[in-house]
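S.K.: with the sequence up front, the predicted model follows.
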Amino acid sequence: MKLMKILAAGTAAALLLAAPAYAQTRIALVVKSLGNGFFDAANRGAQEAAEELGDVEVIYTGPTAATAEAQIEVVNSLIAQQVDAIAISANDPDALVPALQRAMQRGIKVVSFDSGVAPEGRQIHLNPSETQLIGETIIKLAADYLPEGGDVAILSAASTATNQNAWIEAAKAAIPEKFPNINLVSVVYGDDDSVKSTEEARGLLAAYPELDAIIAPTTVGVVAAAQVVTDQDRIGEVNVTGLALPSEFKQFIDNGASQAVALWNPIDLGYSAVMLANALVEGEEAAPGATFSIGRVGEVTLDDTNAAAMAAPFQFDASNIDEFAEIY
Ligand code: RAM
């Protein structure tokens with residue numbers, strides 16, 4: 001009897017610890033695809049926000065492949081579960097709008113972060129940084145190591161990804177004026193899938209034997225490209241750069257496949273997305289000019305499309321990648 005009681009008490013305590021049964025607010029963090037270290041880091045920040053808020057549970061979810069169709073299924077299931085809010089990094093700006101509108105009609109608050117949804121499909125969008133600045137940064141990262149200019153190719157994520165497409169547009173716009181001796185020869189899509197990204201990187205090296213740099217504005221693509229350059233003994237000929245998670249990419253700064261890459265803090269991004277979603281659940285109104293607190297990260301003010309941007313991207317090279325690889 002006594003043993004049963006102890007067991008029962010133990011089970012109850014374990015349940016309390018495992019699932020915050022007291023959580024009043026359930027916020028789903030829907031990512032482009034699971035198994036991506038960038039989103040795992042964002043989830044660390046999201047869980048941190050939940051802990052800090054106390055009565056919030058963050059459900060980390062997403063499809064196995066980075067497609068809008070698969071994300072729609074995830075959203076539909078979250079509507080059925082009646083979560084309080086969805087914070088989503090979208091694989092397509094438009095395809096998710098009907099599902100997310102259904103969510104909003106049922107009182108679910110919707111925030112997009114990282115990769116946006118069109119304004120009619122969400123209440124707030126949180127950019128990691130200004131789009132134009134990211135676009136210029138990814139070209140500059142290549143141009144800095146090509147003083148005479150040269151041929152570069154872009155290896156992107158999904159061809160419909162809102163964020164990468166916006167950055168590539170901004171990069172193309174910056175080239176004629178700011179980087180006139182950089183020649184963009186091709187843009188290919190690896191779908192944030194390691195296998196497809198590897199094939200596309202190999203294809204670029206085969207199609208453009210004189211290629212000077214591969215720019216991959218995706219943490220998945222940049223690792224695949226650097227691995228291909230390493231495997232094909234092209235280190236020193238083709239510089240791989242773009243947006244990389246230091247913990248995954250350090251080996252390619254160390255072996256010289258890359259001179260430098262950039263990124264923002266993905267932990268802060270996930271943390272801030274949850275703070276914004278929670279503010280909407282608590283009744284704050286999203287409107288142009290409104291200012292929202294994002295806890296320890298500070299605050300953001302919404303622009304005329306209810307979007308906001310966080311800090312400038314940060315550059316990583318041999319001088320600092322060790323330090324950042326320990327963090328994310
Ligand atoms: C990948 C994803 C994500 C993007 C980063 C830089 O992890 O495509 O959306 O922000 O790269």
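M.R.: Good, I have the coordinates.
S.K.: only C-alpha atoms from now on, for both contacts and neighbour counts.
M.R.: OK.
S.K.: residues contacting the residue of the stretch 151-300 of the chain found nearest the ligand?
M.R.: Closest to the ligand within the stretch 151-300 of the chain is residue 218: 3.4 Å, counting by C-alpha to the nearest ligand atom. Residues in contact with residue 218 (C-alpha atoms under 8 Å, 6 or more residues apart in numbering) are 156-157, 164, 192, 242-244.
S.K.: roughly how far apart are it and residue 242?
M.R.: According to C-alpha to C-alpha, to the nearest Å, residue 218 and residue 242 sit 7 Å apart.
S.K.: now swap in residue 84 and tell me
M.R.: Relative to residue 242, residue 84 is positioned 35 Å away (C-alpha to C-alpha).
S.K.: more neighbours, those two?
M.R.: Higher neighbour count among residue 84 and residue 242: residue 242, with 30 against 24, using other C-alpha atoms under 10 Å.
S.K.: partner strands of whichever strand or helix holds the more buried one, parallel or antiparallel?
M.R.: Residue 242 is part of strand 239-242 when elements are defined by DSSP states H and E. Using DSSP bridges, strand 239-242 pairs in its sheet with strand 213-216 (parallel).
S.K.: residues contacting the strand it pairs with, please?
M.R.: Residues outside strand 213-216 that contact it (C-alpha under 8 Å, 6+ apart) are 138-139, 142, 150-156, 222, 225, 238-243.
S.K.: swap in 6 Å and give it another go.
M.R.: The contact list for strand 213-216 (C-alpha atoms under 6 Å, 6 or more residues apart in numbering) reads 152-156, 222, 238-242.
S.K.: can you tell me which two in those are farthest apart?
M.R.: Longest distance between any two of those is 16.9 Å, between 156 and 238; criterion C-alpha to C-alpha.
S.K.: more neighbours: the two, which one.
M.R.: Neighbours were counted for residue 156 and for residue 238 using other C-alpha under 10 Å; residue 156 has more, 28 against 23.
S.K.: let me know the pLDDT of that one.
M.R.: pLDDT for residue 156: 98.
S.K.: same question for residue 9.
M.R.: At residue 9, the model reports a pLDDT of 50.
S.K.: same question, residue 321
M.R.: Looking at residue 321, its pLDDT stands at 98.
S.K.: next, count neighbours for it.
M.R.: Counted with other C-alpha under 10 Å, the neighbours of residue 321 add up to 21.
S.K.: which stretches of the stretch 101-250 of the chain form helices?
M.R.: Applying DSSP state H, counting those that start in this stretch to the stretch 101-250 of the chain gives helices spanning 131-143, 162-178, 194-207, 219-231, 246-254.
S.K.: out of these, which one sits most buried?
M.R.: helix 219-231 (a mean of 25; mean count of other C-alpha atoms under 10 Å).
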